[in-house]
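K.L.:
I'd like to go over a predicted model; first the sequence, then the structure.
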Amino acid sequence: ESVTRIRSDGVHGLKESLRPVYHKGLQGVSRFRDSGTPIYDRDWDLLIVVDACRLDLMREVAPDYDYIDHVGAFRSLDSMTLRWMQKNFVPAYADEMAKTAYACGNPFWQEALGAEFYQAGGWETPQWYESNADLVDRYADAIPDQEGWQAVNRSPIEGAEHLHTREHVSMFDMTSFSSIVVEGTDAVDFLQRLCTNDVDVDAGQVRYSLLCNEGGQILADVTVVRLGPEEFVVTTGGGNSPGIHGGRLEQHAPETVSVTVEEGARSTIGLWGPKSRLLLQRVTDADVSAEGFPYFSAKRIYVGDVPVLALRVSYVGELGWELWAPTEYGSRLWETLWEAGQDLDVRPMGGGALESMRLEKGYRLWGTDIDSDADPFSAGLGFAVDMDTDFVGREALTEVQASGPDSRLTPLTLDDSTDVVLGGRPVLDGDEALGYVVAGDYGYSVGESIAYAYLPSEYADAGTAVQVMCEGATYDATVRDEPLFDAGRSKIRR
């Protein structure tokens with residue numbers, strides 16, 4: 001019989017896919033044909049995949065099961081094989097006491113810190129941490145109560161984590177984000193053709209860019225890192241982003257370019273906040289000063305004994321880094337930073353804080369604020385378009401740039417309410433519907449409720465008065481300039 005529930009305690013449980021060709025529970029998979037189908041070495045009734053450093057622990061806790069080191073099992077698999085695994089194996093969880101993060105960087109630490117897990121694109125990711133409940137009293141005056149439907153699936157801890165990150169330092173599990181390695185003699189020309197921005201930069205430089213279709217609509221927003229003359233890493237979000245964005249790169253790559261979608265190969269931590277440089281410098285010999293490691297640059301460094309690709313970028317508008325390490329080092333990376341930052345009051349940070357912080361800065365989220373219905377100019381991303389380069393969609397965007405977009409993604413703030421506005425709610429001018437909210441949250445640093453909506457261009461100028469309808473109430477709102485927080489970017493560039 002297929003096993004549907006296991007005591008996981010931080011491992012990744014896999015159960016039978018129910019496809020009749022795969023019988024006797026799980027087949028032992030250690031090698032794959034070129035087609036992506038498995039070559040079976042033996043049969044297992046249940047296979048548990050676990051971090052190498054936890055093998056002894058799991059064998060002691062539950063000795064009656066077979067275990068393999070997930071590094072040996074998955075580290076070198078190509079994207080086609082990984083997709084086969086995702087189709088045929090699904091996670092099986094134990095009871096609530098043993099709930100674990102599916103493939104996150106450090107489920108042991110997250111459980112111990114009281115992570116409240118939400119599902120995001122097939123991953124379980126922390127939304128907030130109960131261990132940060134003490135911060136709520138510290139920041140109580142800046143965290144308004146939410147009531148009714150707007151309060152569902154929320155916690156004041158999210159606001160406390162937001163404010164703590166602005167003042168101190170926090171660690172965010174970004175393992176659901178993905179990287180795509182692009183290599184080859186024609187790698188730069190290939191990326192230059194697909195990316196809207198100029199990515200022919202020096203090694204160690206980072207560029208934010210978009211991928212567009214021939215009509216100029218946005219297919220992806222990506223971060224492009226140049227590591228060498230013929231070597232790039234393209235990072236993108238989680239969920240279905242690796243398959244969609246990575247698939248486009250794979251589909252269009254010439255024979256002289258190799259594209260590897262690393263959906264599960266790296267464990268990533270966002271280290272953000274004013275004290276992030278002090279913490280990082282404690283655990284690396286690399287120069288992480290403002291001069292030695294400037295904004296939007298990248299270095300290969302060691303964090304303790306962990307090899308890391310460090311990117312000086314931040315999705316929350318604070319000083320910080322994304323630290324990309326091989327998956328097998330994920331636990332060690334977390335522990336190294338955590339232990340070194342205790343006197344700095346380092347805290348874990350969940351997705352709730354991330355959302356409110358990124359909206360204060362006007363950072364876009366693909367699939368929410370931007371998608372193939374929008375072009376870069378209507379989405380407020382014209383800065384990521386270099387019209388002097390020859391990229392897919394340039395001809396269509398030349399026309400949009402000349403005439404101006406019909407609508408623009410616009411930040412609004414509520415005039416007299418701290419209620420959170422939910423996505424999909426209409427934005428009005430009296431009885432006329434202008435658009436709808438694509439994202440909303442409370443901005444704890446700016447002290448205002450924020451909503452983003454695509455509005456007709458004639459309504460998109462700062463100071464324009466509109467209304468937002470949400471859950472039976474109508475709120476007066478005002479169009480604002482963006483970003484709402486740190487418009488001069490002094491915090492993120494310090």
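P.N.:
Happy to help now that I have it.
K.L.:
Surely Asp388 and Asn197 touch.
P.N.:
No: Asp388 is beyond contact range of Asn197, at 10.6 Å (criterion: Cβ atoms under 8 Å). From N, CA and C alone the C-beta is placed, and that goes for glycine too.
K.L.:
for Ser356, what are its contacts?
P.N.:
Ser356 is in contact with 158-159, 162, 441-444, 450, counting by Cβ atoms under 8 Å, 6 or more residues apart in numbering.
K.L.:
Let's see that with 10 Å instead.
P.N.:
Ser356 makes contact with 158-159, 161-163, 316, 420, 440-446, 450, according to Cβ atoms under 10 Å, 6 or more residues apart in numbering.
K.L.:
Among the residues you listed, which lie within strands?
P.N.:
Of these, the ones assigned to strands by DSSP state E are 440-443, 450.
K.L.:
which one of those is nearest Thr256?
P.N.:
When those are compared for distance to Thr256 (Cβ to Cβ), Asp441 wins out at 44.5 Å.
K.L.:
Now for the closest one, how many residues are close by?
P.N.:
By the criterion of other Cβ atoms under 10 Å, Asp441 has 25 neighbours.
K.L.:
Dig out what it forms beta bridges with.
P.N.:
Ile450 (DSSP bridges).
K.L.:
unless I'm mixing things up, it is touching Glu158, no?
P.N.:
Yes: the pair Asp441 / Glu158 is scored as a contact, 8.8 Å apart, by Cβ atoms under 10 Å.
K.L.:
Would you map the strands across the stretch 251-400 of the chain?
P.N.:
Shown for the stretch 251-400 of the chain, the strands assigned by DSSP state E, counting those that start in this stretch span residues 257-262, 266-272, 298-303, 306-311, 320-326, 347-349.
K.L.:
now for the ones in strands among the contacts of Ser356, which pair is the farthest apart?
P.N.:
Top of the distance list for those (Cβ to Cβ): Gly440 and Gly443, 10.0 Å.
K.L.:
Looking only at neighbour counts, state which of the two leads.
P.N.:
Shown here are Gly440 and Gly443; by other Cβ under 10 Å, Gly440 has more neighbours (25 against 21).
K.L.:
so what's the more buried one up against?
P.N.:
150, 355-356, 359, 412, 414, 419-425, 449-453, 468, 470.
K.L.:
Buried among these? Need that as a selection in ChimeraX.
P.N.:
In ChimeraX, this line selects whichever of the contacts of Gly440 come out buried by 16 or more other Cβ atoms under 10 Å:
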select :150,355,356,359,412,414,419,420,421,422,423,425,449,450,451,452,453,468,470
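K.L.:
Which of the contacts of Gly440 fall within helices?
P.N.:
Mapping these onto helices (DSSP state H) picks out 355-356, 359.
K.L.:
re earlier: what sits in contact with each of Gly440 and Gly443?
P.N.:
356, 359, 449-450.
K.L.:
Throw those residues into a markdown table and include pLDDT and distance to Glu250, thanks.
P.N.:
A markdown table is the format used below for these (pLDDT from 0 to 100; distance: Cβ to Cβ, whole Å):
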| residue | pLDDT | distance to Glu250 |
| --- | --- | --- |
| Ser356 | 98 | 35 |
| Leu359 | 98 | 32 |
| Ser449 | 98 | 41 |
| Ile450 | 98 | 37 |
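K.L.:
What pLDDT does the model give Tyr329?
P.N.:
Looking at Tyr329, its pLDDT is 92.
K.L.:
isn't it right next to Leu309, touching?
P.N.:
No: Tyr329 is not in contact with Leu309 according to Cβ under 10 Å; the separation is 11.5 Å.
K.L.:
ok, the two, which is more surrounded?
P.N.:
Tyr329 (23 against 20).
K.L.:
Check the gap between that one and Glu262 for me.
P.N.:
14 Å (Cβ to Cβ, to the nearest Å).
K.L.:
about what we covered before: same list, the strands of the stretch 251-400 of the chain, but as a markdown table with distance to Phe190 please.
P.N.:
Putting the strands of the stretch 251-400 of the chain into a markdown table (distance: least, Cβ to Cβ, whole Å) gives the following:
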| stretch | distance to Phe190 |
| --- | --- |
| strand 257-262 | 5 |
| strand 266-272 | 22 |
| strand 298-303 | 19 |
| strand 306-311 | 21 |
| strand 320-326 | 22 |
| strand 347-349 | 36 |
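K.L.:
Quick one: residues contacting the spatially closest residue to Glu230 that is not a sequence neighbour.
P.N.:
In this structure, Glu230 finds its nearest non-sequential neighbour in Ala187, 5.2 Å apart by Cβ to Cβ, 6 or more residues apart in numbering. Listed by Cβ under 10 Å, 6+ apart, the contact set of Ala187 reads 181, 199, 226, 228-232, 253-254, 256-259.
K.L.:
Residues in contact with both of Asp441 and Glu158, list them for me.
P.N.:
Common neighbours of Asp441 and Glu158 (Cβ under 10 Å, 6+ apart) are 352-353, 355-356.
K.L.:
In this structure Leu428 contacts Val437, no?
P.N.:
No: the pair Leu428 / Val437 is not scored as a contact, 11.2 Å apart, by Cβ under 10 Å.
K.L.:
if you count what's nearby, which of those two comes out ahead?
P.N.:
Each of Leu428 and Val437 has its neighbours counted (other Cβ under 10 Å); Val437 has more, 22 against 17.
K.L.:
pLDDT on the helix or strand harbouring that one, on average?
P.N.:
If you go by DSSP states H and E, Val437 is part of strand 432-443. Computed over strand 432-443, the mean pLDDT rounds to 97.
K.L.:
okay, the strands of the stretch 251-400 of the chain in a markdown table with distance to Lys491 and mean pLDDT next?
P.N.:
Putting those into a markdown table (distance: least, Cβ to Cβ, whole Å; pLDDT from 0 to 100) gives the following:
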| stretch | distance to Lys491 | mean pLDDT |
| --- | --- | --- |
| strand 257-262 | 30 | 94 |
| strand 266-272 | 10 | 95 |
| strand 298-303 | 20 | 98 |
| strand 306-311 | 17 | 98 |
| strand 320-326 | 10 | 97 |
| strand 347-349 | 16 | 97 |
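K.L.:
now Tyr315: how far from Thr268?
P.N.:
11 Å.
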